[in-house]
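J.: This is a predicted model, with the sequence first.
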Amino acid sequence: MMKLIILLLLYTDSISCSWESWWSYEGISGPEFWGLIYPQWQVCSKGKRQSPINIETNKLLYDPTLGDFEIDGPNVNGLLQNTGRSLEFKMTDDAEVMFSGGPLSYKYQFEGINIHYGLSDPLGSEHQINGKHFSGEIQFYGYNKELYRNMTEAREKPLGVVVVSVMVKIGDMTSRSELRLLTSALTKVAYTGTSHSINDLSITALLPETKKYMTYEGSLTEPGCWESAVWVIYNQPIYMTKQEMYVIRRLMEGTKENPKDYLGNNSRKIQPSVVTVRTNIEPKMGIYCNCSYTYTSVLPENLQTDDLVIVNNT
């Protein structure tokens, strides 16, 4: 291990860019090494509430105090970017789009979107449901505007960030028409460093129509893996067509003149989980335990909801 750390130090010392730029999803700068050589990223390897996790539906805890999760605000303008690590949407205007309610005690300002996907099925999503991945995972993130000034400050602080996660499956049709604003621009961001303006994007129109979700307190899934994130994972996926998934899987690392590899498989591996995952998916009558505490286990075969696509990922 010591020899490996020395090699890593020599490798990173030879790079003229910042620590924020050198990390990747594979090899010597991949997730297994994020916490080894940069002190501010040690939580990546030593943290106790790291994300992503495998959500086991027979261990979900029903919390009747969880209300509706709300997203309010106007449509936004921004840039769709190929960063060389992932496909991202960054808001460029000052629109106040707020996440609130549900497990949140504060209002969180929307900042952007990260899109994780695999180069082949079934890999793609960061989170697993009952040990299974989805073809992709779209993450909407924001920072706690009531306590912190910006994302840079909030991401290192308690309850600083919210990440709203939607799983992606492949289907015959695109289930959310707003998604086409992003997928129609994919050919414009084929290589690292390319970007394309996206205007008048509705965040709410990208999300599933269900009010059901799962939630836990975990970490960011990029360096430095700060354990500042409240995760909200919708209990219903959205669908992309095979053609859309084919195009997104053709995005490249590197430039047009010097292409390197395909961009996908941009997910951190599943982390050991000791967190409690709560849900507002109400169990049927008869499975409440005779206990003094509020929460009760939810068994997937007894979930009383019409959108079981995630908890019954088949």
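T.: Sure thing, it's come through.
J.: do you know how far the residue nearest to the spatial centre of the chain is from residue 175?
T.: Residue closest to the mean C-alpha point of the chain, counted by CA atoms, centre = their mean, is residue 139 at 3.6 Å. For residue 139, the distance to residue 175 equals 18 Å [CB to CB, to the nearest Å]. All C-beta spots, glycine's among them, are computed from the backbone N, C-alpha and C.
J.: go on, residue 113?
T.: 17 Å.
J.: Also residue 226?
T.: Taking CB to CB, one finds residue 226 at 32 Å from residue 175.
J.: ok, those two, which is more surrounded?
T.: residue 226 (21 against 17; other CB atoms under 10 Å).
J.: if I've got this straight, that one is in a helix?
T.: No - applying DSSP: H, G, I helix; E, B strand; the rest coil, one finds residue 226 to be coil, outside a helix.
J.: residues in contact with it?
T.: 43, 155-156, 160-161, 219-220 (CB atoms under 8 Å, 6 or more residues apart in numbering).
J.: which one of the residues you listed is nearest residue 271?
T.: residue 219 (7.9 Å; CB to CB).
J.: and the closest one, how many neighbours does it have?
T.: So residue 219, with other CB under 10 Å, has 27 neighbours.
J.: In this structure it contacts residue 45, no?
T.: No - Residue 219 lies out of contact with residue 45 (CB atoms under 8 Å); the separation is 11.7 Å.
J.: picking up where we left off before, can you pick out the ones from the contacts of residue 226 that are in strands?
T.: residue 161 (DSSP state E).
J.: Which parts of the protein belong to which domain?
T.: 1-46, 66-273 (automatic domain parsing).
J.: Adding distance to residue 59, write the ones you listed out as TSV.
T.: Formatted as TSV, the domains of the chain follow (distance: least, CB to CB, whole Å):
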stretch	distance to residue 59
domain 1-46	24
domain 66-273	9
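J.: can you tell me which of those domains comes nearest to residue 60?
T.: domain 66-273 (6.5 Å).
J.: three-state assignment of residue 178?
T.: helix.
J.: Report the separation between residue 253 and residue 214.
T.: Residue 253 is 32 Å from residue 214, by CB to CB.
J.: the more surrounded of those two?
T.: residue 214 (26 against 19).
J.: Just list whatever residues bridge to that one.
T.: residue 233, residue 279 (DSSP bridges).
J.: who are the neighbours in contact with it?
T.: 55, 60, 232-233, 235, 277-279, 281, 310.
J.: Quickly list what residue 70 is bridged to.
T.: residue 100.
J.: my bad, residue 197
T.: Under the criterion used (DSSP bridges), residue 197 bridges to residue 79.
J.: Based on its surroundings, how many neighbours for it?
T.: For residue 197, using other CB under 10 Å, the count is 11.
J.: Can we start the residue count at 7 from this point?
T.: Happy to do that; since the first residue is 7 now, the last one works out to residue 203.
J.: so it touches residue 83, yeah?
T.: Yes - here residue 203 reaches residue 83: they are 7.2 Å apart, a contact under CB under 8 Å.
J.: Now the common contact residues for these two.
T.: residue 98.
J.: now the nearest residue to residue 30 once chain neighbours are set aside: how far from residue 146?
T.: In this structure, residue 30 finds its nearest non-sequential neighbour in residue 36, 5.8 Å apart by CB to CB, 6 or more residues apart in numbering. If you measure residue 36 against residue 146 using CB to CB, the figure is 25 Å.
J.: now swap in residue 189 and tell me
T.: Counting by CB to CB, the gap from residue 189 to residue 146 is 16 Å.
J.: ok, the two, which is more surrounded?
T.: Using other CB under 10 Å, the more surrounded residue of residue 189 and residue 146 is residue 146, with 22 against 17.
J.: all strands for the stretch 7-156 of the chain, in order.
T.: In chain order, the stretch 7-156 of the chain shows strands spanning 60-61, 66-68, 75-78, 82-88, 93-97, 104-107, 114-123, 134-135, 142-150, with DSSP state E, counting those that start in this stretch as the criterion.
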